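Enquirer: no sequence on this one, just coordinates:
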């Protein structure tokens with residue numbers, strides 16, 4: 001007499017000798033029956049038995065274990081004498097081996113916990129809906145962002161956090177995809193807990209059965225606000241770049257056509273003016289192309305710094321010759337003449353020239369521009385000061401942003417909006433800081449700091 005070989009439901013019948021003592025458990029018959037039931041299967045290893053409301057756990061000395069359902073039927077009613085011994089009557093017991101089910105349930109519970117940990121810690125929002133599209137679960141990111149509860153968002157409650165200008169369009173499209181059992185993708189703004197709207201890219205896919213029937217839906221929402229801003233800036237940049245390149249190219253083309261006509265008579269008084277105009281157009285084109293190349297190098301991390309030791313004072317006195325030669329502005333160098341830095345002199349000169357060009361551009365009526373060098377101890381500070389109209393305080397934090405221009409409405413303030421951004425990147429690559437101070441009606445000061453080298 002031994003358990004059947006089905007591995008799931010075990011049947012065993014035996015006769016206990018009169019006077020045998022059952023193990024100290026309640027009810028005694030259960031433990032004895034379990035021992036009798038499992039001893040042949042576990043090759044006579046000693047067993048420890050523990051009970052729960054649903055299953056009984058068996059463990060051997062070798063720590064192998066299994067589970068059975070509570071023994072039935074009516075085991076408490078089997079006869080036993082006052083010493084806790086079984087009677088000599090034929091006694092039977094039936095148990096169901098549920099080890100596989102218990103292990104499977106534990107694996108499912110572990111998988112659920114792992115899914116919850118992953119879902120709550122990804123950067124995206126996530127949610128699940130039933131086949132008809134009624135949402136029954138969101139990850140924690142959703143609640144942290146929207147400040148809502150599952151009770152408020154269950155079903156189609158998510159419409160409350162959609163922008164009123166977009167919600168009808170979103171509902172119509174997603175309802176159609178729910179009905180057709182098709183994957184869905186859309187972009188729209190969602191309201192944050194503080195009332196601000198941010199843009200999200202949302203994707204949804206169905207979970208299907210073997211017959212293709214939708215069982216549930218799973219979706220994510222990815223914040224693309226910054227990406228949209230950058231895309232808009234890129235679009236603006238392309239438009240500005242096209243305009244800025246076209247203007248000097250058109251001028252250069254016209255000048256060359258006129259010079260072509262008078263090539264046999266270069267003594268014509270118009271020739272010098274045409275040549276001068278052509279040189280200015282070439283300078284603008286060269287500056288624009290340099291900006292484009294520099295921004296590409298920064299984006300790809302290919303900008304190399306060729307550092308040498310040089311005098312800041314001497315560099316300031318030698319830079320911006322194009323402004324000095326023009327004669328309209330006086331460049332005044334002030335400050336400490338003994339400071340040396342270890343940096344890429346060409347790149348630092350590029351920064352100073354850009355600051356000076358800004359002073360010329362935005363302070364056209366000021367005839368003096370100051371180039372100041374200050375000793376700050378461990379750092380040197382270089383400033384370019386003008387007496388122009390000044391810059392509004394709310395614009396100062398954005399001056400060094402990519403594609404940003406101080407006054408986009410004024411046609412004379414041309415350029416790609418890359419100059420100051422490139423300057424800031426050069427200084428940061430050197431381990432320094434960059435900034436600007438301005439007072440309306442008084443003027444502006446653009447400055448940067450770099451580590452100083454002393455000997």
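Expert: Noted; the coordinates are in hand. Predicted model, so just to flag it, every value in this text is computed and none were measured.
Enquirer: residue closest to the middle of this protein?
Expert: In the chain, the C-alpha nearest the mean C-alpha coordinate belongs to residue 123, at 6.8 Å (C-alpha atoms, centre = their mean).
Enquirer: my read is it is in a strand, agree?
Expert: No - under DSSP: H, G, I helix; E, B strand; the rest coil, residue 123 sits outside any strand and is assigned coil.
Enquirer: my read: it touches residue 139, true?
Expert: No - counting by C-beta atoms under 8 Å, residue 123 sits too far from residue 139 to count as a contact (10.7 Å). C-beta: built from backbone N, CA, C; applies to glycine.
Enquirer: Quick one: residues contacting the residue nearest to the centre of the chain.
Expert: 141, 222-223 (C-beta atoms under 8 Å, 6 or more residues apart in numbering).
Enquirer: Does the closest residue to residue 318 other than its chain neighbours lie in a helix or a strand, and which?
Expert: Using C-beta to C-beta, 6 or more residues apart in numbering and skipping the chain neighbours, the partner closest in space to residue 318 is residue 349 (7.9 Å). Here residue 349 is covered by helix 345-362, with elements defined by DSSP states H and E.
Enquirer: who's in contact with that helix?
Expert: Contact partners of helix 345-362, identified using C-beta under 8 Å, 6+ apart, comprise 305-306, 308, 310, 315-316, 318-320, 323, 329, 331, 341, 366, 369, 371, 382, 384-386, 388-389, 391, 406, 412-413, 419-420, 422-423, 426-427, 430, 444, 446, 448, 450.
Enquirer: Can you give me the neighbour number for residue 321?
Expert: 10 (other C-beta atoms under 10 Å).
Enquirer: Oh, that last question was meant for residue 274, not what I typed.
Expert: 18.
Enquirer: Would you confirm that it contacts residue 261?
Expert: No - if you go by C-beta under 8 Å, residue 274 and residue 261 don't touch, sitting 10.3 Å apart.
Enquirer: which regions of the stretch 351-455 of the chain sit below the pLDDT cut-off?
Expert: For the stretch 351-455 of the chain, the stretches with pLDDT under 70 are 403-417, 453-455.
Enquirer: And the strands in it?
Expert: Applying DSSP state E, counting those that start in this stretch to the stretch 351-455 of the chain gives strands spanning 368-375, 379-385, 433-439, 443-451.
Enquirer: With adjacent residues omitted, what lies nearest to residue 153?
Expert: Leaving out its chain neighbours, the residue that sits closest to residue 153 by C-beta to C-beta, 6+ apart is residue 138, at 6.1 Å.
Enquirer: List the residues that contact that neighbour.
Expert: So residue 138 contacts 125-127, 150, 153 (C-beta under 8 Å, 6+ apart).
Enquirer: where's it relative to residue 168, distance?
Expert: Distance, residue 138 to residue 168, using C-beta to C-beta, to the nearest Å: 22 Å.
Enquirer: following the lengthiest helix in the chain, which helix or strand shows up next?
Expert: Taking DSSP state H as the criterion, the chain has its longest helix at helix 225-261. On the C-terminal side of helix 225-261, the nearest following helix or strand under DSSP H and E is helix 270-300.
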